[in-house]
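K.L.:
need coordinates for the below:
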Amino acid sequence: MKIIFAADPFALPLRKAIVEHLKKKGHEVIDFGASEENTEIAYYDSCVKACEALQRGEGERGILLCGTGMGMSVIANRFQGVRASVVESVFAARMCRAINDANVLCLGAMIWGDWMACEAVDVFLNTNLGDGLEDLKEFLQQAAKTVEKIQP
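P.N.:
Residues are numbered from 1 along each chain as shown. Next up, the predicted model:
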């Protein structure tokens, strides 16, 4: 899977763990964020570039990292077609996909350890709308279509 990725300088240690994990699993990572070589990219700049790439269809899902995940989420959700969820548990990473069909996972480096963050990433990438909620699947599919049409 092609993953659009961005991290701010604060999240570089978590970035390293997740990017290595994704590549080991065979995913292609398209990175728009800070790196060890370039620590000058602010979260708001990298998030915009990542979300624009997702809108252009350059990747199937996105992962955004900052201190809490909240800053990235606030910006990402301004983009049409981007459904970003900041999560603080593996369960929430599963449910943001199963219930809300989120296509961007936002994690906070102040909150997550490497191992659990990689677990959350795996769950996010391997869960589809309605998974584990078969009794609600038809409703969730219709809700996702309706939500996508909402234009503030």
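K.L.:
how about T68, nearest residue that isn't a chain neighbour?
P.N.:
Distances taken as CB to CB, 6 or more residues apart in numbering place G108 nearest to T68, at 3.9 Å, with adjacent residues excluded. (Each C-beta comes from the backbone N, C-alpha and C, glycine too.)
K.L.:
can you show me the helices along the protein?
P.N.:
For the chain, the helices defined by DSSP state H cover 12-24, 43-55, 70-76, 90-98, 114-126, 137-149.
K.L.:
let me know the pLDDT of the spatially most central residue of the chain.
P.N.:
Nearest residue to the geometric centre of the chain (CA atoms, centre = their mean): L105, 2.0 Å. At L105, the pLDDT value in this model is 98.
K.L.:
next one: the one 4 residues further on
P.N.:
For A109, the pLDDT comes out at 97.
K.L.:
list the residues that contact it.
P.N.:
For A109, the contact set (CB atoms under 8 Å, 6 or more residues apart in numbering) comprises A7, F10, A11, P13, L14, L65, C66, G67.
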